[in-house]
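Chemist: Generate a structure from the sequence data that follows.
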Amino acid sequence: MAKKVFAWSPVRKLMKDNGAEMVARDAVDALIDYLEKLAKGMTNKALEMTRHAGRKKLTLEDMDLAMKIV
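Modeler: Residues are numbered from 1 along each chain as shown. You can find the predicted model right below:
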């Protein structure tokens, strides 16, 4: 099993702060998996913007554009 990027406790706290009184471990794990896939996809899209502009550094503008497109 690959190491997770997002920490379990803050994600669980986020879920609880948004109204979930009790949260199952597998529900937190499912959300973490989803967030990691979303972050990877968004980063790849932003990297397309970076490369298209002929740069190496991914910028806030690249991320903003990627999030608007997707």
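
Chemist: immediately after the longest helix seen in the chain, which helix or strand?
Modeler: Counting by DSSP state H, the longest helix found in the chain is helix 25-52. Sequence-wise, the next helix or strand downstream of helix 25-52 (DSSP states H and E) is helix 60-69.

Chemist: Centre of the chain to that next one, how far?
Modeler: On the basis of Cα atoms, centre = their mean, to the nearest Å, helix 60-69 sits 13 Å off its chain's mean C-alpha point.

Chemist: ok so, going back, just want the angle from the longest helix of the chain to helix 60-69.
Modeler: Counting by axes from the mean of the first three to the mean of the last three Cα atoms, to 10 degrees, helix 25-52 points 120 degrees away from the direction of helix 60-69.

Chemist: tell me what helix 25-52 is packed against?
Modeler: helix 8-17, helix 60-69 (3 or more Cβ pairs under 8 Å, 6 or more residues apart in numbering; DSSP states H and E). The way it works is simple: take the backbone N, C-alpha and C, and place the C-beta from them, glycine included.

Chemist: show me the contacts for Met67.
Modeler: By Cβ atoms under 8 Å, 6 or more residues apart in numbering, Met67 lies in contact with Met42.

Chemist: Buried residues, the longest helix of the chain. List them.
Modeler: Residues 28, 31-32, 45-46, 49-50 are the ones in helix 25-52 that count as buried (16 or more other Cβ atoms under 10 Å).

Chemist: Include mean pLDDT and distance to Ala39 when you put the helices and strands packed on helix 25-52 into CSV, please.
Modeler: As requested, the helices and strands packed on helix 25-52 are exported to CSV (pLDDT from 0 to 100; distance: least, Cβ to Cβ, whole Å):
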stretch, mean pLDDT, distance to Ala39
helix 8-17, 97, 13
helix 60-69, 96, 11
